[in-house]
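S.K.: Need the 3D shape of this:
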Amino acid sequence: MSFSHSSAMDFGTQLMRILDIRTDYEKAEITGDAISSYQAEIEAHIAGKEAQLSNKPSTPALFKNVPALNKAWMAGTVAAINGGGWSRVDPDDITPPIEPHPIHD
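M.R.: Okay, here's the model as predicted:
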């Protein structure tokens with residue numbers, strides 16, 4: 001689910017994103033998939049950061065009783081205020097690495 005903090009986030013879109021993150025987190029916890037669990041925490045952080053930038057920083061009810069998601073959301077809101085933290089990258093904005101020139105003898 002892609003979101004830009006510069007666009008208005010309607011309630012339905014926000015709710016579906018929060019529900020997706022919570023569902024992904026719960027699936028990961030049930031299956032013992034630490035990587036997917038951490039990925040859901042990163043998504044919660046990004047969602048919190050984007051919510052703060054959209055002036056909607058209240059922690060979602062679906063995150064309040066899950067310490068890892070609650071903490072990630074809060075860290076995202078703080079990152080939005082202080083700068084830094086996780087964020088989305090548009091693949092079109094990535095500059096390809098510069099190929100090194102071979103050394104000639």
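
S.K.: Quick one: distance of the helix or strand hosting Ser36 to the chain centre.
M.R.: Using DSSP states H and E, Ser36 sits within helix 34-53. Remark: helix 34-53 is offset 3 Å from the chain centroid, using CA atoms, centre = their mean, to the nearest Å.

S.K.: ok, and what's touching the following helix or strand past it?
M.R.: Using DSSP H and E, the helix or strand that follows helix 34-53 in sequence is helix 61-64. Residues outside helix 61-64 that contact it (CB atoms under 8 Å, 6 or more residues apart in numbering): 18-19, 21-22, 44, 69-70, 73. From N, CA and C alone the C-beta is placed, and that goes for glycine too.

S.K.: cutoff 7 Å now
M.R.: Helix 61-64 has contacts (CB atoms under 7 Å, 6 or more residues apart in numbering) with 18-19, 22, 44, 69-70, 73.

S.K.: Among those, name the ones in helices.
M.R.: Secondary structure assignment by DSSP state H places 18-19, 22, 44, 69-70, 73 of the contacts of helix 61-64 in helices.

S.K.: and which of the residues you listed is nearest to Ala51?
M.R.: For the ones in helices among the contacts of helix 61-64, the closest approach to Ala51 (CB to CB) belongs to Trp73, at 7.8 Å.

S.K.: In contact with that closest one, which residues?
M.R.: Residues near Trp73 by CB under 7 Å, 6+ apart: 44-45, 47-48, 59, 63.

S.K.: go with 10 Å
M.R.: Contact analysis of Trp73 by CB atoms under 10 Å, 6 or more residues apart in numbering lists 18, 21, 41, 43-49, 51-52, 57-60, 63-64, 66.

S.K.: Drop anything exposed from those residues.
M.R.: Neighbour-count burial (16 or more other CB atoms under 10 Å) applied to the contacts of Trp73 gives 18, 21, 41, 43-49, 51-52, 57, 59-60, 63, 66.
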